[in-house]
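**Q** Sequence plus the predicted model coming up.
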Amino acid sequence: MSKTFCGYCKAEDSKVLYPTIDIFGNHFTVNHCNKCQAYFLAPRPTDKQLAQAYDSSYYGEKDEKFEGRVEGFIDYFRRNRAKRLHKHLKNGAKVLDIGCGNGKFLKSLTLFGKYELNGIEMEGNSANRAAKIKEIKLKIGSLKPDDFQAESLDAVTLFHVFEHLTEPMETLEIITKIVKKDGIVMMSFPNIDSFQSRMFKGKWLHLDPPRHLFFFSPNDFKDLMEVFGFELITEKHWLTEQNPYGMVQSSLNLITKKREVLYEALKGNTDYVQGYSKASIMLQRLYFIGSFPLFIFTDWVASWFKKGATVEFIFRKK
Ligand SMILES: [Zn+2]
């Protein structure tokens, strides 16, 4: 049996906040760690539950993770993300993207300058797609202490990856070691302190049980990175790539019996959505298209209060 220990610091002293159910019907709670202030999924999902959650359907069954129009939308935001990183780097910089997915973010960087591209991705369809991009030096697996020399990297990026890590503290320690002085760490993750998180609790899209193991409020995370020797350069809360869809899917989750039905449909996971009629999926798609502009606006408002559903940071190593 799994025990109730913090997904970040492993302490066993925590408070239960609310229940949640994953797409396989497993029950968890979201707890708040009394030691490190992380929020985490309890009990820690078993290896078997995690293996099931990361099978081929997670990465999308086809050539791309999502269907064409959705991939096109994401491409646009990937390029903007690459541009935001590019501003802080010199030509020829060595960049590592941890959890590089299909490698398109790294590839986008080459639109803006010359870079040495390194990626790490878990085995699966995304890694197979990244392996086809010849400019990327790809490692399949996870970051290990000896993968890179000390102070050898100009930038390390983790986009919606940190919250998935089973050994997050060790990963931050390795990153701190391999990044050069004045080097950049750029990362994004769900904001557990967001309006969406508070409104939808266990049904919030970005809770994504059982894959998201822990969360930090943006302020607590800034303090944590300070301890690791990083200063904050920028913090972005208005993120159209992730946040408005969080409203769409979380509000649908209030109505549908299973969570993330439309999201799985967009990934082509036909097994998961087989209990839903074509008309139901079509209605959910129409709601998505119709409500999206409104939710871009509400996300903009939430970002004034730093309460957008996800947050992106750029840190510099002191
Ligand atoms: Zn903790």
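**A** Everything's here; your move.

**Q** Give me the neighbour count for the residue lying closest to residue 241 once chain neighbours are set aside.
**A** Closest residue to residue 241 apart from its sequence neighbours, by Cβ to Cβ, 6 or more residues apart in numbering: residue 77 at 3.7 Å. Placement of C-beta: from N, CA and C, glycine included. Neighbour count of residue 77, defined by other Cβ atoms under 10 Å: 15.

**Q** Ok, residue 167 next?
**A** Neighbours of residue 167 using other Cβ under 10 Å come to 13.

**Q** Need the contact partners of the least confident helix or strand in the chain by mean pLDDT.
**A** Least confident helix or strand, the chain: helix 68-86 with a mean of 89, by mean pLDDT, DSSP states H and E. The contact list for helix 68-86 (Cβ atoms under 8 Å, 6 or more residues apart in numbering) reads 64-66, 95, 104-105, 108-109, 111-113, 155, 157, 159, 184, 186, 234, 236, 240-241, 266, 312, 314.

**Q** Can you flag the buried ones in these?
**A** 64-66, 95, 104-105, 108-109, 155, 157, 159, 184, 186, 236, 240-241, 266, 312, 314 (16 or more other Cβ atoms under 10 Å).

**Q** what about residue 169, neighbour count?
**A** Using other Cβ under 10 Å: residue 169 sits among 14 other residues.

**Q** Make sure it is actually in contact with residue 6.
**A** No - here residue 169 does not reach residue 6: they are 10.2 Å apart, not a contact under Cβ atoms under 8 Å.

**Q** about what we covered before: which of the buried ones among the contacts of helix 68-86 fall within strands?
**A** Secondary structure from DSSP state E places 95, 155, 157, 159, 184, 186, 236, 312, 314 of the buried ones among the contacts of helix 68-86 in strands.

**Q** These into CSV, with extra columns for pLDDT and distance to residue 226?
**A** As requested, these are arranged in CSV below (pLDDT from 0 to 100; distance: Cβ to Cβ, whole Å):
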residue, pLDDT, distance to residue 226
95, 98, 23
155, 98, 19
157, 98, 19
159, 97, 21
184, 98, 16
186, 98, 17
236, 96, 19
312, 98, 18
314, 98, 14
